[in-house]
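[1] no sequence on this one, just coordinates:
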């Protein structure tokens, strides 16, 4: 599929992307190659392929859940602009 400059300009308008006129031909060629690759991948028969979430069927090694930093709540709240009952107070932004 080959995209002409008018089609690329229309796509850019719909996406709200400002593109110079001298870039339209190059972007059209790039987008055409991408669409050709997608069409090529779409042509492959994947009916017998089981979907997977990750290409490696391995269990993930997890580190032990250990506390590495002490509680510094009082220290951080001491330098906060506004605190009440252990909670940070922020200006209201939604009316």
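    Yes, it's here. If you're wondering where the values come from, they're calculated on a predicted model, not measured in any experiment. Numbers count the residues shown, from 1 in each chain.
[2] Could you use CA atoms for every contact and neighbour count after this?
    Will do.
[3] what mean pLDDT does the host helix or strand of residue 27 have?
    In the assignment (DSSP states H and E), residue 27 maps to helix 24-42. Regarding helix 24-42, the rounded mean pLDDT is 93.
[4] can you check stretch 76-86 too?
    The model assigns stretch 76-86 a mean pLDDT of 94.
[5] Need the contact partners of it.
    For stretch 76-86, contacts defined as Cα atoms under 8 Å, 6 or more residues apart in numbering pick out 88-90.
[6] can we see that at 7 Å?
    Defining contact as Cα atoms under 7 Å, 6 or more residues apart in numbering, one finds that stretch 76-86 is touched by 88-89.
[7] Just the terminal-to-terminal distance for it.
    Taking Cα to Cα, to the nearest Å, the first and last residues of stretch 76-86 lie 11 Å apart.
[8] quick one: it to chain centroid distance?
    Centroid displacement of stretch 76-86 relative to its chain, using Cα atoms, centre = their mean, to the nearest Å, is 34 Å.
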